[in-house]
Structures are given as C-alpha cells and as structure tokens.
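> this one's structure only:
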C-alpha cells in the first residue's frame, strides 16, 4: 500500500441516502469503563525545556516533547496498563506526570504491526483517551502512515491512551478444536463530534440502519466442509463451526465484508470516502496440538559509564500432529522485545526495535518419531533455520565521567552487528514428548539472572 497521511475528522457514518428507512438508535450508552491495571514495565526519563522523547518498554508507543513545551526538567513516565477501551487494540498506556500543563502540544505516536495492516483494517483505527471518570474519548485529528505503520497525533494532557478500532470482529483471534462451534460478533463504535480536540466515544449496541455483512471463511461465502461453516444468527453475529479436519489454510480467515457503512476521512487535505470495508478474525483450528512457549532474557553490560541493558523476548509456536505427520500451524515472533530495561546514568533512545533473540523464520526438518516400546511416548524433533540475533538499536547520551570532560554520545550498532553475525536466535532445535501435562524442555540460568532461557510445551485443550 502506498504511503498516505490520513487525517481522520469523522469516523463511521451510515449511508442511508439510497433508501427511505431513517436511521434510529435504539440502544446507545456512553463508553465508560473501569480504569486499567498496571500491566508491564514502566519507562521514565528526565526531559528539560530543550525537549526530548521517551519510548515505552515494549517499543510500541512514543512521546515527543518539543522544545519549549515545559519550563523545567521533568520526569516523564510511560506505564503499560490493561486496555479497557471499547474495541481497544493492543496495550493501553498511562502517561505521567498527570496534571502537567504543556506550553506546546506533545506528539503521541503508536506503532502497529503487519497483522493490523491487512486489507483496510488499518483505516478503521483511532486514538482514544480515558478521563478520571472512566469515559473514553477519541482524538479528533490524527495522522495514519501506512508505510511507517504509525498512528500519531498531538495531545495536550496526560491520561490513559490507547488505539481502538471503529469496527471490529470480536474475537479477532481464537483457537477452536475441530467440529466445535463459536460465536463471532461485529462491534461498532461511533463518536459524538462535540469537541474541538476530543470526541466522546459511544458503542452502538443496536442500530436500525440499512447495512449488511457478507461472511466468508477463507474467501468462501458462508464457508464449506473444508474451511468450516458460517451460519448467521443476527445482523451483527454469526456462528462458525470448525471443519472435521485441519483446513489447508490455517488459521482460517473469517471475513465480514460490510456494505452500507461509509468511512469518511480527509486524505492529504481532500475528502475521501471508503465504502468497501473488510473485517477479519483469525481462527486457528486444531486437533492433537502442542504449544511451545519460549522466554529469553539477558543482560548486556555496556561498561562502567553506560550501565547495563536487559533484553527480554518471548515467542511461541504450535505443532499439530495428524497420523504420522507433524507440522507447525502457528508461530508468534515478538519482533519488539517484551522488555527493555536500562540501569545506568545515561539517557537512552530506542531507534529500531530489532527482532530480538527469539525469532522463527522457518524449519529445516520436523519429525514425529514413534515410540520404541509400548511404555514410551512418541517424540517431536524440530530443526529450525538459523535466524540472527538482532537487538534493538539504542542511542546513549551519558554525563561526563570527570571534571572538564564532555558528554558521551554513542550507540550499540557495532555490538548489534557482532551479535547478528555470531549469535543465532532461539529456537535452534526443539525436542519434546507427545504426552499430557506441561514439560520444561529447555532451562538455562534462573529468572532474573544475567542469562535466562526457558522453553515449555503443553498440549492445547478445548478452550
């Protein structure tokens, strides 16, 4: 998709001009929720009147404080919290200090990934904030960059902020055993365009308007025996029944193509209308399947001046067993490390996320080995393709060591080049038994120590 700068002024409108039926809201309630709970590592940085930037510990949100926005040195904090926003997307973040007044707007940047940029789903994203009463509002003006995959806007105060979807299928991801059924629902959010900068969010529980959805399973309308069947239970809900065997394309993409809802925006100063909207939910079909969960952390000493950086990365994959064959049907790479913690006297800025020290790019072989005797279990042996360890690119600004010396500025680029060349990311080889219960199949060090790696495997049960 080509690069566009998207300024969203009004989100969803309902196209009723082609019919005589009037729009009527039968149920609408304010988007008031509880406040999110702490859910991640806090990042903090001292920033003065010259300005600066601070990035969350997961690398997914950034605040840029312009020069002149504050009059004195201030400690800024980004604390991940559980996302309570209606149609909330990913993590929410609490910005501190609360109550601070800015002389210039602060730029807020959210980053999103490949999964969120499929079809036109990224055009349905917005930025939301929650006030002290629990009410959620959307930022009226923001910029969507579909090349850099960022969502950004100017804010004037701190609170809890998150991304949200104007329309979404709930759940957007699920696992379901063969032959089992589950419900999927389209959730809509609209906004009261009453403010200069913020608009009050309103989830529409029921709306008598002429819109419709065409449902598909892997692009087949209403599905079939191979991809699973879809049966409509209401205008906003369907029941999906998994096939009796694993489908060729797994996870199954359950898609709703929406007609009658218009998404209006301003693109590069011109009014644009998007009438063809696609909502997608990924449903992983499994039978006899095992999930391997991986966690790795290590300290990277940067000398007496720079201090120490702790990287923590996680990932997982699912192995499906059918007859005498085994294959990986799902893999999760956390391309932005789950945790990036710095201990030292310097200021650090994360320029690039990297792929961390857990990264799956493919397999060289995967084998299901039958038991040698009746008292033994079958075994899975997997050899993965080598993936380089690519740590985040960090820039350091450090205070003088002695009197008369200058501030040190540098980065870890050379160290990253060395790591990518000589250090292979996990996993490299995995072996486990096909049996019930959780197994620890790799353990190096202790959690919290300088080097810690742990792999566990567990059979997936009915959810």
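Yep, it's here. Note that the coordinates shown come from a computational prediction; the quantities given were computed from them, not determined experimentally.
> Tell me which residues touch the residue lying closest to residue 252 once chain neighbours are set aside, please.
Using Cβ to Cβ, 6 or more residues apart in numbering and skipping the chain neighbours, the partner closest in space to residue 252 is residue 283 (4.8 Å). All C-beta atoms are positioned from the backbone trio N, CA, C, and that covers glycine. Residue 283 makes contact with 173-176, 182, 228, 240, 242, 251-252, 254, according to Cβ atoms under 8 Å, 6 or more residues apart in numbering.
> now do residue 99
Taking Cβ under 8 Å, 6+ apart, one finds 157-158 in contact with residue 99.
> Is it in a helix, a strand, or coil?
coil (DSSP: H, G, I helix; E, B strand; the rest coil).
> in the chain, what secondary structure element scores lowest on mean pLDDT?
Counting by mean pLDDT, DSSP states H and E, the chain has its least confident helix or strand at strand 24-28, which shows a mean of 38.
> one step back: do you know how far the residue nearest to residue 252 is from residue 185?
14 Å (Cβ to Cβ, to the nearest Å).
> sorry, back to before: what bridges to the residue nearest to residue 252?
Per DSSP bridges, the residues bridged to residue 283 are residue 174, residue 252.
> what residue ranges in the stretch 151-300 of the chain score low on pLDDT?
Applying pLDDT under 70 to the stretch 151-300 of the chain picks out residues 193-196, 204-209, 264-272, 300.
> can you rerun that using 90?
Residues of the stretch 151-300 of the chain meeting the criterion pLDDT under 90: 157, 165-168, 172, 187-212, 235-236, 258-279, 297-300.
> which residues in it form helices?
Applying DSSP state H, counting those that start in this stretch to the stretch 151-300 of the chain gives no helices.
> so residue 197 makes contact with residue 156?
Yes. Using Cβ atoms under 8 Å as the test, residue 197 is close enough to residue 156 to be in contact (7.1 Å).
> following the strand or helix carrying residue 415, which helix or strand comes up?
Assigned by DSSP states H and E, residue 415 falls within helix 413-422. Downstream of helix 413-422, the next assigned helix or strand under DSSP H and E is strand 429-433.
> And the strands in the stretch 351-463 of the chain, which stretches?
With strands called from DSSP state E, counting those that start in this stretch, the stretch 351-463 of the chain shows them at 363-369, 379-384, 393-398, 408-411, 429-433, 439-444, 451-459.
> any chance of these in a markdown table, with mean pLDDT too?
Formatted as a markdown table, these follow (pLDDT from 0 to 100):
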| stretch | mean pLDDT |
| --- | --- |
| strand 363-369 | 96 |
| strand 379-384 | 97 |
| strand 393-398 | 81 |
| strand 408-411 | 80 |
| strand 429-433 | 96 |
| strand 439-444 | 95 |
| strand 451-459 | 94 |
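> For residue 137, which of those strands is the nearest?
Residue 137 lies closest, by Cβ to Cβ, to one member of those: strand 393-398, at 34.1 Å.
> helix, strand or coil for the residue nearest the centre of the chain?
With distances taken as Cα atoms, centre = their mean, the residue of the chain nearest its centroid is residue 90 (4.7 Å). Assigned with three-state DSSP, residue 90 falls in the strand class.
> Now do the contacts for the residue lying closest to it once chain neighbours are set aside.
Counting by Cβ to Cβ, 6+ apart, residue 90 lies nearest to residue 163, which is 5.9 Å off, once chain neighbours are set aside. Applying Cβ under 8 Å, 6+ apart to residue 163 gives the contacts 88-90, 110, 112, 125-128, 151.
> Repeat the analysis, applying 6 Å as the threshold.
89-90, 110, 125 (Cβ atoms under 6 Å, 6 or more residues apart in numbering).
> which residue packs closest to residue 315, ignoring adjacent ones?
What sits nearest to residue 315 in space, not counting adjacent residues and going by Cβ to Cβ, 6+ apart, is residue 358, at 4.1 Å.
> same check, this time on residue 41
Of all residues not flanking residue 41 in the chain, residue 57 sits nearest, at 4.0 Å (Cβ to Cβ, 6+ apart).
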